[in-house]
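A.B. asks: Next come a sequence and a model predicted from it.
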Amino acid sequence: MQKILVVEDEKKLARYLQLELTHEGYEIRLAHDGRAAVTAFEEWPCDLILLDLMLPELSGIEVCRRIRQKSAVPIIMLTAKDDVSDKVMGLDMGADDYMTKPFAIEELLARIRVALKRHGDEAGHAGGERTLAEGALSLDRDSREVSYGETPIQLTKKEFDLLEYLMLNRNVAISRNELLDKVWGYSYAGDTNVVDVYIRYLRCKLDDPFHVKLIHTVRGVGYLFRLEEGGETE
């Protein structure tokens, strides 16, 4: 039985999630503040965490940061806020997905299944080659390290996941919706601007400092990964 830690300070909502998830066959443990969440995670190894952003004691962002220092367990953040900056902050701290309250339980269950499956695939080393390279750029899928020549490049979890998917599909134009589905784990057209934000982050860390053009904009479609030395990013 897969275990889910639900971190939510609204006790009625926490209880509702506990009942629904238990009905779906998951084992559930509840925590109602940030410090209790960190303690619960340390005492009770789980397969996924539902984590509210606004918590007493420690914020959801800080809880996510502390857990990410120790584990790659999937984290889905829950919040009443619906702002791109909040989503980006949570994802930068290592969250795998993001849902805005109020949400349909069916959608949450679907995202939980996707996150658990994706994490299982990563643990099983699905997807073939373990080192991806394009010119001087190298990405190690096992150590999750990226370098350009001898220069290491520090990427957040979502930046790494996005670059990995682009490199696995080099020379193929990929839509924003596909990137949302494959990298963030869900299809939600209203959030495609999150993809644009992370593409900009990658360009600032890869294209600009090394004077290459790796991530191309395909107008009306999305993005394409292909090396062009000395080019200017669109």
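C.D. replies: Sure thing, it's come through.
A.B. asks: what are the ranges of the strands in the chain?
C.D. replies: For the chain, the strands defined by DSSP state E occupy 3-7, 27-31, 48-52, 75-79, 97-100, 131-134, 137-140, 145-148, 151-153, 174-175, 212-218, 222-229.
A.B. asks: so what strands line up beside the fourth one?
C.D. replies: When pairing is defined by DSSP bridges, strand 75-79 lines up against strand 48-52 (parallel), strand 97-100 (parallel).
A.B. asks: right, and Glu228 touches Lys213 too?
C.D. replies: Yes - using Cβ atoms under 8 Å, Glu228 makes contact with Lys213 at a distance of 4.1 Å. C-beta here means a position set from N, CA and C on the backbone, and glycine is covered the same way.
A.B. asks: if you count what's nearby, which of these two comes out ahead?
C.D. replies: Comparing Glu228 with Lys213 by other Cβ atoms under 10 Å, the one with more neighbours is Lys213, at 19 against 13.
A.B. asks: Run a quick neighbour tally on the spatially closest residue to Phe41 that is not a sequence neighbour.
C.D. replies: Distances taken as Cβ to Cβ, 6 or more residues apart in numbering place Ile67 nearest to Phe41, at 5.7 Å, with adjacent residues excluded. Using other Cβ under 10 Å, Ile67 is surrounded by 23 other residues.
A.B. asks: Could you do the one 4 residues further on as well?
C.D. replies: The tally of other residues near Ser71 (other Cβ under 10 Å) stands at 15.
A.B. asks: Now do the same contact list for the nearest residue to it once chain neighbours are set aside.
C.D. replies: Excluding the flanking residues, the one nearest Ser71 by Cβ to Cβ, 6+ apart is Phe41, at 7.6 Å. Shown in contact with Phe41 (Cβ atoms under 8 Å, 6 or more residues apart in numbering): 5, 49, 67, 71, 73.
A.B. asks: What separation is there between the second one and Gly149?
C.D. replies: The gap separating Ile49 from Gly149 is 37 Å, by Cβ to Cβ, to the nearest Å.
A.B. asks: More neighbours: those two, which one.
C.D. replies: Between Ile49 and Gly149, counted using other Cβ under 10 Å, the more crowded position is Ile49 (27 against 10).
A.B. asks: Please report how far the more buried one lies from Leu163.
C.D. replies: Applying Cβ to Cβ to Ile49 and Leu163 gives a distance of 24 Å.
A.B. asks: Identify, out of the strands paired with strand 75-79, the most deeply packed stretch.
C.D. replies: strand 48-52 (a mean of 25; mean count of other Cβ atoms under 10 Å).
A.B. asks: so what's Ser223 bridging to?
C.D. replies: I think there's a mix-up here, since residue 223 is Tyr and not Ser. Ile174, Thr217.
A.B. asks: my read: it touches Leu166, true?
C.D. replies: Yes - contact criterion Cβ under 8 Å: Tyr223 and Leu166 qualify, at 6.9 Å.
A.B. asks: quick revisit: would you list the strands of the chain in TSV and tack on distance to Ser85?
C.D. replies: TSV is the format used below for those (distance: least, Cβ to Cβ, whole Å):
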stretch	distance to Ser85
strand 3-7	21
strand 27-31	26
strand 48-52	17
strand 75-79	12
strand 97-100	12
strand 131-134	30
strand 137-140	27
strand 145-148	25
strand 151-153	23
strand 174-175	24
strand 212-218	22
strand 222-229	22
